[in-house]
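# pasting the sequence and the predicted model now:
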Amino acid sequence: MTAGEPGPPAWLRDLAAAAAVMEVPLPSRPPASGGRRSAVLVLFGDGVRGPDLLYIQKNEGLRRHAGQPAFPGGKIEDSDDGPVAAALREGAEETGLDPAGVEVLTTLPEMFIPRSQFRVVPTLAWWRTPSAVRPTDIGEVAAVERISVADLADPANRLTLRHPLGYSGPAFRIGPMLIWGFTALLTDRLLALGGFERPWDVTAIGALPEGAA
C-alpha cells in the first residue's frame, strides 16, 4: 500500500485477526502427516453491493471437484515462496487478477479436504485495487464470480447439503451456482467470524448436483 491509498476496512482487519486463530471444524482438521500442500486465495473486495468474495467454478471435465465452485487456489509448487505466494500465483493464473492490487492480511490455520487429500492454507486478502477477472485457465476454470457477502448471508440462499456418504454441511445457492463442501464450510466460518451471519433454516436440506459425489 502506498501513501494516500485507503487500507483494508476495520471490519476486515477484525475478521482477519479472528480468522488467523479460528478453531478448525473437526471434519477439516488435517492429519498428523500426509496430504498435499496447497493454498487458496480468500479475496474480499468492495463491490457494488458492499463487500464481496471472489469465487471460481471448476470446469466440468476435471478429475477432481468437477463443476464445483471454489476459491482460487491449488498446489503449492516448489518454486513458490510458501502458501501466500502460491495463492496469489494461482489467483492470477485462474482469474487473470493483478496480484499487485491485492493486500494479504493473514493466513488461516491449515485445513484438510479428505476427498482430495489436500492440506489447504487459506490466504485472506483485501482487493485494494480490483482488476478485471475472467476464466484464464479455461482447462480448469469455467466461470469467475464476485459474490456479495449480503447474498451469501441471505437466509434465502442458505441450506444444508447431505452427502451420500452420510455427512452434512452448509451450502449456498447463488443463482445457478451451488457452493458446497470445503468452500462452503470456510465461507460459513468467515460469515460468522465477520458478524455477517443471519439466522437461517438449517433444516432446509438440499442434494448434491448429479455426479458431484
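Perfect, thanks for sending it. These figures come from a predicted structure and were not determined experimentally. Numbers count the residues shown, from 1 in each chain.

# for this structure, what helix or strand is lowest in average pLDDT?
Using mean pLDDT, DSSP states H and E, the weakest-scoring helix or strand in the chain turns out to be strand 205-207, at a mean of 82.

# just checking, what packs against that one?
Counting contacts by 3 or more C-beta pairs under 8 Å, 6 or more residues apart in numbering; DSSP states H and E, strand 205-207 is packed against strand 158-162, strand 168-174. In short, each C-beta sits where N, CA and C put it, glycine included.

# the last one to strand 158-162, inter-axis angle?
Computed by axes from the mean of the first three to the mean of the last three C-alpha atoms, to 10 degrees, the angle separating strand 168-174 from strand 158-162 equals 130 degrees.

# give me the pLDDT value at residue 67.
Predicted confidence (pLDDT) for residue 67: 72.

# wait, residue 72 touches residue 43, no?
Yes: with contact defined as C-beta atoms under 8 Å, residue 72 counts as touching residue 43 (7.4 Å).

# what touches both of those two?
Common contact partners of residue 72 and residue 43 (C-beta atoms under 8 Å, 6 or more residues apart in numbering): 54, 91, 97.

# quick one: the second one from residue 156, how far?
Taken as C-beta to C-beta, to the nearest Å, the spacing of residue 91 relative to residue 156 amounts to 29 Å.

# equivalent analysis for the last one, please.
From residue 97 over to residue 156 the distance is 29 Å, taken as C-beta to C-beta.

# out of those two, which sits in the busier spot?
residue 97 (25 against 10; other C-beta atoms under 10 Å).

# the more buried one: what's it in contact with?
Residue 97 neighbours (C-beta under 8 Å, 6+ apart): 43, 54, 72, 91, 127, 131, 133.

# touching the helix or strand where residue 145 lies from outside, list them.
If you go by DSSP states H and E, residue 145 is part of strand 141-148. For strand 141-148, the external contacting residues (C-beta under 8 Å, 6+ apart) are 45, 47, 49-60, 67, 69, 94-95, 133-135, 174, 177.

# verify the stated contact: residue 189 with residue 28.
No: applying C-beta under 8 Å as the test, residue 189 and residue 28 come out as separate, 9.3 Å apart.

# quick revisit: residues in contact with the least confident helix or strand of the chain?
With C-beta under 8 Å, 6+ apart as the test, strand 205-207 has contacts from 159, 160, 161, 162, 168, 171, 173, 178.

# which among those end up buried?
Neighbour-count burial (16 or more other C-beta atoms under 10 Å) is assigned, among the contacts of strand 205-207, to 159, 160, 161, 171, 173, 178.

# what's the farthest-apart pair in those?
Spatial extent of the buried ones among the contacts of strand 205-207 (C-beta to C-beta) is set by the pair 160 and 178 at 12.3 Å.
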